[in-house]
Each structure stands twice: as structure tokens, then as C-alpha cells.
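A.B. asks: sharing a model that was predicted from the sequence below.
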Amino acid sequence: MTYPPENRTDRRRKQRFPLHRELRYRLLQPEAQDRAGIGTVINASSAGIAFDCDRALPVLAQIEISMSWPVPLEDACPLRLVARGRVVRCEGNSVACTIDRFEFRTQARRHDPAGGAFAAEGAGSKTAACAA
């Protein structure tokens with residue numbers, strides 16, 4: 001199969017978007033040691049996420065990731081993307097994983113006394129209220 005010149009080195013089917021967000025991950029295999037960790041998202045698409053993390057991860061491992069979403073719901077409610085997939089590539093501490101299932105969750109908000117604004121904290125539930 002021949003690809004157009006701009007796709008010869010990158011045969012991904014989905015467009016990747018650069019992001020710089022903190023990410024938390026958890027390996028879903030019970031036998032995995034040190035199952036949880038943190039990282040930084042490099043880029044994401046509707047099919048996968050590339051990120052740097054604190055250690056090498058086993059290829060084909062089932063993984064759950066959680067990251068803050070850059071756009072709030074209705075310009076007011078902070079969101080988190082929670083996704084499950086599998087590790088498809090690991091080169092050093094750079095990891096790529098698929099997104100097989102995902103959901104957006106609202107984040108709890110707390111009042112920030114320094115700025116008088118509300119700030120997101122932690123991964124809230126899907127039913128958390130976002131009223132100020």
C-alpha cells in the first residue's frame with residue numbers, strides 16, 4: 001500500500017493533537033508491581049495517547065489513564081478524561097497506549113482564597129455538581 005508523502009513516516013489513522021497535561025496511570029493486571037504512576041501527555045487522538053512516565057511499562061499491559069481535560073464543560077466545570085486501553089509501544093519512559101473505552105468525569109471544585117476563584121481538585125465522580 002502506498003501512502004501520500006506526508007504520511008510515509010506516520011501511518012496513524014487518527015490525527016494527534018499536542019497536549020502538555022499531567023497524567024496518572026494504573027496498570028490493570030493484578031500481577032504487575034508498582035501498578036500506579038504519573039506522567040506527562042505528549043499528544044492524544046481519539047484512538048490513543050502518547051506520554052512520558054516515571055518508568056518503562058510492559059507492552060500489551062492493560063492500562064487506565066486519567067488526565068485533566070483542557071476545556072471545561074460549559075466553560076465552567078473542570079473535566080477529567082478517564083480511559084482504558086493497552087500499552088502498544090514503550091521506548092525508555094515514552095509510552096503509547098490505545099484508547100479502547102473512555103469517559104469524561106467532572107472534577108470537584110474548591111474555593112481558592114488567594115484568587116477568589118474556584119480550582120479543580122482530584123478526579124470527581126460522573127455525577128459531581130459544578131455549581132459555583
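C.D. replies: Cool, the structure landed. Residues are numbered from 1 along each chain as shown.
A.B. asks: quick check: bridge partners of F104?
C.D. replies: Each beta-bridge partner of F104 is listed here, defined by DSSP bridges: L81.
A.B. asks: next, count neighbours for it.
C.D. replies: Close neighbours of F104, defined as other C-beta atoms under 10 Å, add up to 12. Every C-beta, even on glycine, is put in place using the N, C-alpha and C of the backbone.
A.B. asks: got a list of what it touches?
C.D. replies: Taking C-beta atoms under 8 Å, 6 or more residues apart in numbering as the criterion, F104 is in contact with W69, L73, L79, R80, L81, V82.
A.B. asks: nearest residue to L19 in space, please, no chain neighbours.
C.D. replies: For L19, ignoring the flanking residues on the chain, the nearest one in space by C-beta to C-beta, 6 or more residues apart in numbering is V41 at 4.6 Å.
A.B. asks: what's around the one you found, how many residues?
C.D. replies: Considering only other C-beta under 10 Å, V41 is surrounded by 21 other residues.
A.B. asks: which secondary element of this structure has the worst mean pLDDT?
C.D. replies: Lowest mean confidence among the helices and strands of the chain (mean pLDDT, DSSP states H and E): strand 117-121, at a mean of 44.
A.B. asks: can you list the low-confidence ranges for the protein?
C.D. replies: Along the chain, the parts satisfying pLDDT under 70 run over 1-13, 109-132.
A.B. asks: give me phi/psi at the closest residue in space to R101 that isn't next to it in sequence?
C.D. replies: Leaving out its chain neighbours, the residue that sits closest to R101 by C-beta to C-beta, 6+ apart is R84, at 4.8 Å. As for R84, its main-chain torsions (degrees, to the nearest 10) stand at phi -120, psi 140.
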